[in-house]
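[1] Sequence first, then the predicted structure, then my questions.
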Amino acid sequence: MDKIRIGIVGVGNCTSSLLQGIEYYKNKNSDDIIGLMHWDMNGYKPYDIEVATAFDIDKRKVGKDVNEAIFERPNCTTVFCKDMPKTGVVVKMGKILDGFSDHMREYEDDYTFLLADEPEPTKEDIVRILKESRTEILLNYLPVGSEEATKFYAECALDARVAFINNIPAFIASNAEWAKKFEEKNIPIIGDDIKAQLGATITHRVLTDLFNKRGVKLERTYQLNTAGNTDFLNMHQSSRLASKKISKTEAVQSVAANRLADRDIHIGPSDYVPWQDDNKVCFIRMEGKLFGDVPMNLELRLSVEDSPNSAGVAIDSIRCCKLALDRGQGGVLYGPSAYFCKHPPRQYTDDQAFRMVEQFLAEGKEQVADEKPNHACEEMPQITK
């Protein structure tokens, strides 16, 4: 099979885990693989993915080989593959826009934002780089709150005729106008906001779906998260949180038997704890009623290394996007978006979405009409300015 040539926007912790994972599993067999739907996805293995180009704006990363840049500060995720060979792909200066928060300059030492000295590229520059590098799929790993920067790179992908995977909660695939642009150009897109392998949101969704299926009335719930990575530091600025809170909240609301009132559901990043680094700790509480209106409550604490938790999901998402390219299939990939992302254009239960992805792999098409979205969640809340 051909290699899958990806471009990366944002060489942070998630990119570090993704690239480490691709290298880590190169010499493994199918029995050794953890965190993937399949080792072989219609002929594509994890190690068939290679970086064609990468963009960042931090001076510690720009100008360095991407496999060197992933270990530069402020990255702080677990290093589980130390021997990373040079790729020959040098991290290029990206477009700034709202791709970083001003308050990030205020922190000392490793977490101080260090803007590269190089001039910003134009859209024409980015499009040219994507074409010359033969990039097939562009992955968006910008910080939360990068609304304008995400739109900029989505436009670049459209102009370069490159598939787009939007791993952050800026609404592109789930925005009807943007989705139409990718459909009209017959370019695949998966999004928005990547789910972890076993993170706070997927766990909360499964429990909420369990309440629904077992006839338990869910009355109130919260999800509180803390971590010490730059993602949580970035979200100290509340203005950057709007899309993240919508994405995480709707992921849970969409599998509830009935939508909870706003005051009865609170989901979102809660605080930045520096010494936690990339370790994320999640606290979930769910209150409800059992048979006979007898009250019950559930409390859960989950601790995970945040960035590796999404890397396997990204590998599966990339391979599904490549299969769509091979088949000449453009527009939103609804099954992969629903299974791999928190805020897809159409919400399905995880069981439904899993079956849709398996059908996509087996038959080369999506039977969206055969799977009914969960209670009127086809139109997702949008950020308006």
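    That came through fine. Residues are numbered from 1 along each chain as shown.
[2] which element follows the helix with the most length in the chain toward the C-terminus?
    In terms of residue count, the longest helix belonging to the chain (DSSP state H) is helix 308-327. Moving toward the C-terminus from helix 308-327, the next helix or strand (DSSP states H and E) is strand 331-332.
[3] For that following strand, give the mean pLDDT please.
    Model confidence over strand 331-332, given as mean pLDDT, is 98.
[4] Quick one: list the elements packing against that strand.
    Strand 331-332 sits against helix 176-184, strand 188-191, with contacts defined as 3 or more C-beta pairs under 8 Å, 6 or more residues apart in numbering; DSSP states H and E. In short, each C-beta sits where N, CA and C put it, glycine included.
[5] what bits of the chain have low per-residue confidence?
    For the chain, applying pLDDT under 70 flags the ranges 1, 103-113, 365-385.
[6] which residue lies farthest from the center of it?
    For the chain, the largest distance from the centre (C-alpha atoms, centre = their mean) belongs to Gly292, which lies 41.0 Å off.
[7] mind listing the strands for the stretch 51-200 of the chain?
    92-93, 137-140, 163-166, 188-191 (DSSP state E, counting those that start in this stretch).
[8] Make JSON lines from the ones you listed and add mean neighbour count to it.
    Rendered in JSON lines, the data for those read as follows (neighbours: other C-beta atoms under 10 Å):
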{"stretch": "strand 92-93", "mean neighbour count": "22"}
{"stretch": "strand 137-140", "mean neighbour count": "26"}
{"stretch": "strand 163-166", "mean neighbour count": "28"}
{"stretch": "strand 188-191", "mean neighbour count": "30"}
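[9] could those be laid out in TSV, adding distance to Ala157?
    Listed next are the strands of the stretch 51-200 of the chain as TSV, based on distance: least, C-beta to C-beta, whole Å:
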stretch	distance to Ala157
strand 92-93	16
strand 137-140	5
strand 163-166	4
strand 188-191	8
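[10] Ok, which of these comes nearest Ile8?
    Proximity to Ile8 (C-beta to C-beta) singles out strand 137-140 among these, at 5.2 Å.
[11] wait, what's in contact with the spatially closest residue to Leu241 that is not a sequence neighbour?
    Counting by C-beta to C-beta, 6 or more residues apart in numbering, Leu241 lies nearest to Met235, which is 5.4 Å off, once chain neighbours are set aside. When the contact criterion is C-beta atoms under 8 Å, 6 or more residues apart in numbering, the partners of Met235 are 144-145, 241, 244, 269, 272.
[12] Same list, those residues, but as JSON lines with neighbour count and distance to Gly328 please.
    What follows is those, written out as JSON lines (neighbours: other C-beta atoms under 10 Å; distance: C-beta to C-beta, whole Å):
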{"residue": "Val144", "neighbour count": "22", "distance to Gly328": "33"}
{"residue": "Gly145", "neighbour count": "25", "distance to Gly328": "35"}
{"residue": "Leu241", "neighbour count": "17", "distance to Gly328": "39"}
{"residue": "Lys244", "neighbour count": "22", "distance to Gly328": "34"}
{"residue": "Pro269", "neighbour count": "23", "distance to Gly328": "39"}
{"residue": "Tyr272", "neighbour count": "19", "distance to Gly328": "45"}
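[13] picking that back up, mind putting the helices and strands packed on strand 331-332 into JSON lines with distance to Ile315?
    What follows is the helices and strands packed on strand 331-332, written out as JSON lines (distance: least, C-beta to C-beta, whole Å):
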{"stretch": "helix 176-184", "distance to Ile315": "22"}
{"stretch": "strand 188-191", "distance to Ile315": "13"}
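[14] that older thread, three-state assignment of the residue farthest from the centre of the chain?
    In terms of secondary structure, Gly292 is helix; the call rests on DSSP: H, G, I helix; E, B strand; the rest coil.
[15] distance of it from Leu210?
    Applying C-beta to C-beta, to the nearest Å, the value for Gly292 to Leu210 is 19 Å.
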